[in-house]
Each structure stands twice: as structure tokens, then as C-alpha cells.
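Undergrad: Predicted coordinates and the sequence they were generated for:
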Amino acid sequence: MTQTSPPGWHPDPGYTGFGPRHERWWDGTQWTDHLRVPPAAARSRRIRVGAGITAAVVVLAAVGGGVYLLTDDSDGKNDTVASAPSASPSPGPGRQRGGNGDDGGAGGNSGGGSESPEQGQPEIEDGYATDLASGISIPVPDGWKGESGMGAGVTTGSYACPGDTDQQCVRGGVFSAPAEALKLTTKTAKATAEKDIEANADQSYGEAIYGGITSHEELKSEAVTVAGQQGYRVRWKVVTKNGDDGYVESLAFPSPLAKDRLIVIRSGFDINAKAPSLSVLDEITKGIKAASGGGSGTKA
């Protein structure tokens, strides 16, 4: 910043290229110690909590084939959905501004309108849910709902969860998160997908909501190319005690932003006439791409 730049929130000059792109407060003459994650267009949700939350990183977990998005709620605030960073600074430190459907094929509704990204920042595009932390965009099928942020998800067909009708499950959902956010420390895409699938199944169709999983059948365990990266996926069919059975899939591949960082995409689809078919999941996977403006794909 120049000595004549007005006070405001601006991209942190010390940003390392991993995780949320923090903003730092410029007081008009120097950078201060005030940091924040860019403001969220927040909406409260009552959806089942599954995966752990890492500070300032959006974590997503499957719920009855669906997903929810969380930010760090250690201050007791409601769960919120993260959006793209604001294009202009807000007034000062601490003063932040504040689809359901059934089946469908890939390509359709917007995942949140286009934004003008900072240099090197992934861009949120129409028709995609964009993971700003991992640098990928997931296509939003017709009739589905997409959420972009430090993690991304697409969902369809909400309904009351069978084990807790005060909470909402969905018929189908696909979401992304950095492997580190899910506490996965395995080094290869294959090992990461193989390790994650059990946790994905449990959080999607586990004890509290579906009475637990009585059995599972492995449907796929194979290498796959996603967003130009060599990845690996594992897909299970699970049988539950209560409610619908389901399909769950864990897919891992390197981030286009940095080859040594793995992305995990968790998917869950109910086995129900109102749920999307597995062909939709395959179409979504084929349509995942590196987000525009997301950098060169080299290590940050």
C-alpha cells in the first residue's frame, strides 16, 4: 500500500497461498495486527454436524447424502455459509458487512454470481460452486443448489432426517474440502480416498441419523482424472438401520493450486426414487475443473 492509500481491509501481504485468503487492516500509514476471513453472506442452518472444524477453514460433511458448510464457530455463533471475499473494504476492524430439487444432470443453475477476483484468487463462476481454498469449481446440476467459499458443495432434495426430524438431510450432495481440514495426513490420492471412505459413510448415514450402517459393498476403487489431476476414488453402497440406504464416495486428487496438497470430494446419494441417479454423480465429477484465476498449479 502507498502512504496515501485510505484505511481499509485489503488482502494480507503476508498471505502464504494456503487456506482462506485473509484480509489485514491498513490504517492509512501501516499494516496493523487485525486479521479477518473475508465477510460471508451468511444464512443460519440447522443441519447435522459431522466433521471437525478447523479454525478459519470451511469444513463440509455429508449428511444423508447431502452436505453442509461450516466456518469456525468457536465463538458460539451460528453455522454460516461462506461466500467470495468482498470486493471493497468495510468500514473498520470488527465492523463486517454482513434448492431444493430432485434429479438433474450437470450444468445449470448458478453456484453464486461471478466475482472479480484479486490476483491469484480463484474466481466464482456462474453455474459452478467454487472452492476458493483448493482452487476448483464443481458444476451445479439443473435444479440443484451450489455454495461457494473456502470449500464448495452442491445439494438437492432436502427432507427431515429420519433419526432427527428437527434436522435437514438431502437426497444428494457433493462437496470439497482440503484433506488437512478433514485431518487426513496420507500422502497419496489413493491412500487418502481409501482412508476417508469409512468416515464419509459414517457421517453420511451413521448412528445418530440413520441408526448406523449394518453393511457395505464396495462398488468402485479406481484411479480417475479430475480437473486435469491424477486422483483416486472409492465408492460404497451402504445399508442402514433406519431410512434410506445410500451410495457414498470419497475422491482425492492434488489441488491445481499446489500439487503437494490434496483435495477430498465427498459425495452421498440416497437410494430412493426421489434421489438423483449415480450417473449424475459421474457427470458432476467429469465437470469438475480448475477454478479460473486460481494460479499456476505450482507449490505456493
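TA: Received it, and whenever you're ready, just let me know what you need.
Undergrad: average model confidence for stretch 215-228?
TA: Taken as a whole, stretch 215-228 carries a mean pLDDT of 96.
Undergrad: Tell me the helix or strand right after the lowest-mean-pLDDT helix or strand in the chain.
TA: Lowest by mean pLDDT, DSSP states H and E among the helices and strands of the chain is strand 66-70, with a mean of 37. The first helix or strand that comes after strand 66-70 along the chain, using DSSP states H and E, is strand 128-131.
Undergrad: ok, residues contacting whatever helix or strand comes next after that following strand?
TA: Sequence order places strand 136-139 as the next helix or strand after strand 128-131, per DSSP H and E. Contacts to strand 136-139, defined as CB atoms under 8 Å, 6 or more residues apart in numbering, come from residues 106-108, 111, 122, 124-125, 127-131, 146, 152-154, 174, 176, 227, 255-256, 263, 265, 283-284, 287-292, 294. Glycine gets a C-beta too; all of them are placed from N, C-alpha and C.
Undergrad: Mind checking which of the residues you listed are buried?
TA: Among the contacts of strand 136-139, those classed as buried by 16 or more other CB atoms under 10 Å are 106, 108, 111, 122, 124-125, 127-131, 146, 152-154, 174, 176, 227, 255-256, 263, 265, 283-284, 287-291, 294.
Undergrad: what number of residues lie near Ala273?
TA: As a burial measure, Ala273 scores 8 neighbours (other CB atoms under 10 Å).
Undergrad: and it, that one's in a strand?
TA: No: applying DSSP: H, G, I helix; E, B strand; the rest coil, one finds Ala273 to be coil, outside a strand.
Undergrad: okay, it: pLDDT?
TA: 95.
Undergrad: Equivalent analysis for Asn100, please.
TA: 33.
Undergrad: now do the one 10 residues further on
TA: Ser110 carries a pLDDT value of 44.
Undergrad: And Val239, how far from Gly211?
TA: Separation of Val239 from Gly211 (CB to CB, to the nearest Å) stands at 11 Å.
Undergrad: what's the answer for Gly287, then?
TA: Going from Gly287 to Gly211 by CB to CB gives 34 Å.
Undergrad: Over to Ser250?
TA: Separation of Ser250 from Gly211 (CB to CB) stands at 22 Å.
Undergrad: ok, these two, which is more surrounded?
TA: Applying other CB under 10 Å to Ser250 and Gly211 shows that Ser250 carries more neighbours, namely 26 against 15.
Undergrad: That one: which element?
TA: Under the criterion of DSSP H and E, Ser250 resides in strand 246-255.
Undergrad: so for the next helix or strand after that strand, what's the average pLDDT?
TA: Using DSSP H and E, the helix or strand that follows strand 246-255 in sequence is strand 258-270. Over the span of strand 258-270, the pLDDT mean works out to 93.
Undergrad: try stretch 243-255
TA: Per-residue pLDDT over stretch 243-255 has a mean of 95.
Undergrad: start at 49 instead
TA: Got it, first residue is 49 now, which makes that one stretch 291-303.
Undergrad: for the helix or strand where Cys217 lies, packing partners?
TA: For Cys217, the host element (DSSP H and E) is strand 212-226. With contacts defined as 3 or more CB pairs under 8 Å, 6 or more residues apart in numbering; DSSP states H and E, strand 212-226 has these neighbours: strand 107-111, strand 114-118, strand 184-187, strand 200-209, helix 255-258, strand 306-318, helix 326-335.
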